[in-house]
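Chemist: Everything below, folded, please.
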Amino acid sequence: MTHAPHGAAPLTFLKGHGTENDFVIVPDPDGLLDLSAADVARLCDRRAGIGGDGLLRVVRSAAHPEAAALADQAEWFMDYRNSDGSIAEMCGNGVRVFARYLQCAGLADAGDLAIATRAGVRGVHIAKDADDGTPGDITVRMGRAVFPDGLVTVSVGDRTWPAVHVSMGNPHAVAFVASLDDAGDLLRAPAVVPAEAYPAGTNVEFVVDRGPRHVALRVHERGSGETRSCGTGACAVMVAAARRDGHDPVHSGHPVTYTVDVPGGRLVITERADGEIEMTGPAVILAQGTVDPVWLSPGIAQHRP
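Modeler: This is a model prediction of the structure:
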């Protein structure tokens, strides 16, 4: 971990969640912060840090080498990290919380905007607040699902289930089970075979039916463990359930919508006739503050322009 320079300013942060998938938000518009994996893990530690399933660094696309080519499409880049500090391609709940931060900071208004991610640019719509002041839900265009070739299985203990391999810009293994208790404690990642199907690891979703076009899930997120919600996972589950139920909007020409319950709330997922998937749900910013620079030593380095 890098050391903070003498006299470094405290690190500003916010805390937010989308269906209880919670994040540390670090505004860094000019890309001056150097966040190592250890830094991120320290900030996301639930006992010794701020606590979160992941970290969202808010950077202008033009100021980040991974997003500079997208700057003409999206002003802001979501530099997302898992709670262990590893880099992830995409986080659906994170995009909604990221958009809510931009709105609360006066950097975006209700309506449409674009956000750059490592999985590409995502279109976002922030609904207007309700008459009672309740923040409007946020809809994210999540791209199209891809079903890589090959069969995979998921195992917990001595039980094994067939799984659907789905990519939503990041990898998922979706298993339909009789009970969500079948997932066990999810303290460790379920075994997935063949391992070469997921060379960088995968998110694993366990799914049960609640009613027509209504499912519920538990998820083990790669790099974070079990979380209260996973936006890309909810989308992967929706398309896997739709195909199982005989729905393919690209072929039928008709969109299909599923309700997906997660431990932290409810998401509504629609696959459109063009194959684009839209996820709608809440996003909340609940706190903001600064991290004590004494605690940051040995903390987070700041690049000097």
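
Chemist: got a list of contacts for stretch 151-164?
Modeler: With CB atoms under 8 Å, 6 or more residues apart in numbering as the test, stretch 151-164 has contacts from 147, 165, 173-177, 182-184, 190-194, 197-198, 204, 206, 236, 240, 243-244. The C-beta positions use only the backbone N, C-alpha and C, and glycine is treated the same way.

Chemist: List only buried entries from these.
Modeler: Buried members of those, counted by 16 or more other CB atoms under 10 Å: 165, 173-177, 183, 190, 192, 197-198, 204, 206, 236, 240.

Chemist: Show me this structure divided up by domain.
Modeler: Domain segmentation of the chain under automatic domain parsing yields 11-137+284-302, 152-277.

Chemist: Out of the contacts of stretch 151-164, list just those in helices.
Modeler: Using DSSP state H, the subset of the contacts of stretch 151-164 located in helices is 236, 240, 243-244.

Chemist: Columns pLDDT and distance to C230 on top of the residues you listed, output as TSV?
Modeler: What follows is these, written out as TSV (pLDDT from 0 to 100; distance: CB to CB, whole Å):
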residue	pLDDT	distance to C230
A236	98	9
A240	98	14
R243	98	19
R244	98	19
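
Chemist: Which one of those residues is nearest to I285?
Modeler: Of all the ones in helices among the contacts of stretch 151-164, I285 sits closest to A236, with 26.4 Å by CB to CB.

Chemist: pretty sure that closest one is touching H165, no?
Modeler: No - A236 is beyond contact range of H165, at 9.3 Å (criterion: CB atoms under 8 Å).

Chemist: Pull up the overlap in contacts between the two.
Modeler: Taking CB under 8 Å, 6+ apart as the criterion, A236 and H165 both touch H172.

Chemist: pretty sure G201 contacts G223?
Modeler: Yes - taking contacts as CB under 8 Å, G201 lies within contact range of G223: 7.4 Å.

Chemist: Among these two, which residue is more densely surrounded?
Modeler: For the pair G201 and G223, the greater number of neighbours falls to G223 (20 against 15), based on other CB atoms under 10 Å.

Chemist: And the helices in the stretch 51-200 of the chain?
Modeler: Taking DSSP state H, counting those that start in this stretch as the test, the helices found in the stretch 51-200 of the chain are 92-104.

Chemist: List the contacts of R244.
Modeler: For R244, the contact set (CB under 8 Å, 6+ apart) comprises 164, 176.

Chemist: now it: how far from F176?
Modeler: 7 Å (CB to CB, to the nearest Å).

Chemist: Spell out the secondary structure type for L14.
Modeler: Three-state secondary structure (criterion: DSSP: H, G, I helix; E, B strand; the rest coil) places L14 in strand.

Chemist: Give the bridge partners for it, please.
Modeler: I25, Q288 (DSSP bridges).

Chemist: I'd say it and V284 touch.
Modeler: No - contact criterion CB under 8 Å: L14 and V284 do not qualify, at 10.7 Å.

Chemist: So which of the two has more stuff around it?
Modeler: More crowded of L14 and V284, by other CB under 10 Å: L14, with 22 against 17.

Chemist: and the more buried one, what pLDDT?
Modeler: On the pLDDT scale, L14 is placed at 98.

Chemist: residue ranges with poor pLDDT in the stretch 1-150 of the chain?
Modeler: Filtered on pLDDT under 70, the stretch 1-150 of the chain yields the residue ranges 1-8.

Chemist: repeat for the stretch 151-300 of the chain
Modeler: The model of the stretch 151-300 of the chain has pLDDT under 70 over residues 296-300.

Chemist: Do a quick rundown of the strands in it.
Modeler: Assigned by DSSP state E, counting those that start in this stretch, the strands in the stretch 151-300 of the chain fall at 152-156, 159-167, 171-176, 191-193, 203-211, 214-221, 225-227, 256-262, 265-271, 277-281, 284-291.

Chemist: could the ones you listed go into a markdown table alongside distance to R118?
Modeler: Shown next, in a markdown table, are the strands of the stretch 151-300 of the chain (distance: least, CB to CB, whole Å):
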| stretch | distance to R118 |
| --- | --- |
| strand 152-156 | 23 |
| strand 159-167 | 13 |
| strand 171-176 | 13 |
| strand 191-193 | 22 |
| strand 203-211 | 15 |
| strand 214-221 | 16 |
| strand 225-227 | 19 |
| strand 256-262 | 23 |
| strand 265-271 | 21 |
| strand 277-281 | 18 |
| strand 284-291 | 23 |
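
Chemist: of all those, which lies closest to A119?
Modeler: Nearest to A119, of all the strands of the stretch 151-300 of the chain, is strand 159-167, at 9.4 Å by CB to CB.
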